[in-house]
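K.L.:
Could you look at this predicted model? Sequence included:
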Amino acid sequence: MKILITGGAGFIGSSLAVDLILRGHTVRVLDNLSPQIHGDDHSVSPTFLRIKDKVELVIGDVRNREDWQKVLPEMECVVHLAAETGTGQSMYEVHHYMDANIGGTAHLLDLLDAEGGAVKKLIIASSRAIYGEGKYIDDQGNTHFPISRFEHELKQGIFNPTFNGKELQSVPTTEDSPFVPTSIYGLSKQVQEQMVLLAARTRNISAFALRYQNVYGPGQSLKNPYTGIISIFSKLLLTNKAINIFEDGEESRDFVFIDDVVEATRLAIEFKDPTVIESLNVGNGVATSVNTIAQTLKDLYGSSSELAVSGNYRLGDIRHNTADLNQIKKRLNYVSKVGIDQGLEKFANWVKTQHIRADNSYEESLNELKEKKLFK
């Protein structure tokens, strides 16, 4: 197939592009080579180098209609990964996030009937953030979908969502769970997903919305202070800086290795049913606490950094979220193959080959949140 990947010079996009090329597909990439991800000199960015001279690269921005007009002709499948992704940052750069994530997607859908006339399939990178807190049960086994946590409880160190004063227990979140995003980022991904699936229905083309969990692995930006905690912690550990672990450190996420994400995305691209329009979770299916991540990485790096559980919290953060993977297994025959211990070791081995320079970018990102009264 002829496949366009927006954000194809980024972490997920570059890994996917290489895999698709090896399988005989033709890949075109649209990417703005953002300094927040690639640094000031994109020519030395690991993910840029991964695709250099292997794809047709168009440097442009999904917010520009003219750039979409350059890249859509002749493409049979569009994998729309390009997006702003920082949950905390989204809370005080609202227009920017909506412009990039929703406005950029609107340009794509506007142009499907003209420049995108050959497109037969859309893949949109959705996110577990659309669920917000996700699915919980109480001590009677009743199901709950908490809207958000209460700040007065967070101040008291009550970090799990509650119902009638009692803490709830997190369970894997299924695709039929309601949308309850707790951040502007999560809301933008929800709207993106719904826009793409609606457009696919009205144009009789197939589409998958892939609700990625917390993706990590070799190639993830070590420069972006708004990226995942595995990269952030790695940089701090290798420069022997203390790690501020928020809340009590028992908050958990579904960390999914990049190879599993690439496989799931490829399976969706190559799925043969031309009428399918569906949303699927993509994850590892296992909850791992932040404390476990921090200690495992510290051991892998042999770092002397202090792991300080502070009780700090960010407004808009969720407590837990783990994906139920039964639907993607049934539809795409997807099974996560890389466990967290193996994945962290692979990631750490890659990080050790990178040039890590100490800076204050993470601390500055937290100061921004403090100024906006979003970090307590």
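P.N.:
Sure thing, it's come through.

K.L.:
Which residue lies closest in space to G285, excluding its sequence neighbours?
P.N.:
L325 (4.6 Å; C-beta to C-beta, 6 or more residues apart in numbering). The C-beta positions use only the backbone N, C-alpha and C, and glycine is treated the same way.

K.L.:
surely the one you found meets A264?
P.N.:
No: judged on C-beta atoms under 8 Å, L325 makes no contact with A264 at a distance of 9.6 Å.

K.L.:
Now list whatever residues contact both of those two.
P.N.:
When contacts are counted by C-beta atoms under 8 Å, 6 or more residues apart in numbering, the set common to L325 and A264 consists of Y334.

K.L.:
circling back: residues contacting the residue nearest to G285?
P.N.:
L325 neighbours (C-beta under 8 Å, 6+ apart): 172, 281, 283, 285, 334-336.

K.L.:
Quick check on it: phi, psi?
P.N.:
L325 adopts backbone torsions of phi -110, psi 10, taken as degrees, to the nearest 10.

K.L.:
can you tell me which helix in the chain is longest?
P.N.:
Ranked by residue count under DSSP state H, the longest helix found in the chain is helix 184-203.

K.L.:
Let me know whether E84 touches K189 as I believe.
P.N.:
No: counting by C-beta under 8 Å, E84 sits too far from K189 to count as a contact (10.3 Å).

K.L.:
more crowded one of the two?
P.N.:
For E84 versus K189, neighbours defined as other C-beta atoms under 10 Å are more numerous around K189 (29 against 20).

K.L.:
in the stretch 151-300 of the chain, which segments are predicted with low confidence?
P.N.:
226 (pLDDT under 70).

K.L.:
can you give me the helices for it?
P.N.:
Along the stretch 151-300 of the chain, counting by DSSP state H, counting those that start in this stretch, helices occupy 151-155, 184-203, 229-238, 258-269, 290-301.

K.L.:
Buried ones among the contacts of L325?
P.N.:
Buried residues within those, defined by neighbour count using 16 or more other C-beta atoms under 10 Å: 172, 281, 283, 285, 334, 336.

K.L.:
Check the residues you listed and tell me the two furthest apart.
P.N.:
Maximum pairwise distance among the buried ones among the contacts of L325 (C-beta to C-beta): 15.1 Å, between P172 and Y334.

K.L.:
For the longest helix of the chain, could you pull out the residues that count as buried?
P.N.:
By 16+ other C-beta under 10 Å, the buried positions in helix 184-203 come out as 184-197, 199-200.

K.L.:
Looking at those, spot the one nearest L236.
P.N.:
Y185 (22.7 Å).

K.L.:
which residues in the stretch 51-200 of the chain form strands?
P.N.:
With strands called from DSSP state E, counting those that start in this stretch, the stretch 51-200 of the chain shows them at 56-59, 77-80, 121-127, 136-137, 143-144, 162-163, 166-167, 169-170.

K.L.:
contact partners of the fourth one?
P.N.:
Outside of strand 136-137, the residues within contact range by C-beta under 8 Å, 6+ apart are 143-146, 161, 168-171.

K.L.:
Walk me through which strands that strand pairs with, and which way each runs.
P.N.:
Paired strands of strand 136-137, with direction, are strand 143-144 (antiparallel), strand 169-170 (antiparallel) (DSSP bridges).

K.L.:
between the ones you listed, which one is nearest to I51?
P.N.:
With C-beta to C-beta, the closest approach to I51 among the strands paired with strand 136-137 belongs to strand 169-170: 37.2 Å.

K.L.:
Which residue is most remote from the mean position of the chain?
P.N.:
Relative to the C-alpha centroid of the chain, counting by C-alpha atoms, centre = their mean, Q140 is the outermost residue, at 33.2 Å.

K.L.:
hang on, isn't E76 packed against G116?
P.N.:
No: using C-beta under 8 Å, E76 is not in contact with G116, being 9.9 Å away.

K.L.:
For the closest residue in space to P172 that isn't next to it in sequence, give its distance to A100.
P.N.:
Of all residues not flanking P172 in the chain, D324 sits nearest, at 3.8 Å (C-beta to C-beta, 6+ apart). Per C-beta to C-beta, to the nearest Å, D324 is found 29 Å from A100.

K.L.:
got it, and T87?
P.N.:
14 Å.

K.L.:
Nearest spatial neighbour of G157, chain-adjacent residues omitted?
P.N.:
Spatially, and ignoring its direct neighbours in sequence, G157 is nearest to G311 (6.3 Å; C-beta to C-beta, 6+ apart).

K.L.:
ok, now which ones touch the one you found?
P.N.:
With C-beta under 8 Å, 6+ apart, G311 has these contacts: 157, 246-248.

K.L.:
Filter the residues you listed down to the buried ones.
P.N.:
Neighbour counting with 16+ other C-beta under 10 Å marks 246-248 as buried within the contacts of G311.

K.L.:
can I get those in TSV with distance to S206?
P.N.:
Listed next are the buried ones among the contacts of G311 as TSV, based on distance: C-beta to C-beta, whole Å:
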residue	distance to S206
F246	40
E247	41
D248	44
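
K.L.:
Show me which of those is closest to A268.
P.N.:
For these, the nearest to A268 is F246 (33.4 Å; C-beta to C-beta).

K.L.:
ok, the residue nearest to P172 touching D176?
P.N.:
No: applying C-beta under 8 Å as the test, D324 and D176 come out as separate, 9.6 Å apart.

K.L.:
circling back: which one of E76 and G116 has more residues nearby?
P.N.:
Legend: neighbour count by other C-beta under 10 Å for E76 and G116, higher for G116 (24 against 16).

K.L.:
The more buried one and Q190, how far apart?
P.N.:
Here the criterion is C-beta to C-beta. By it, G116 lies 23 Å from Q190.
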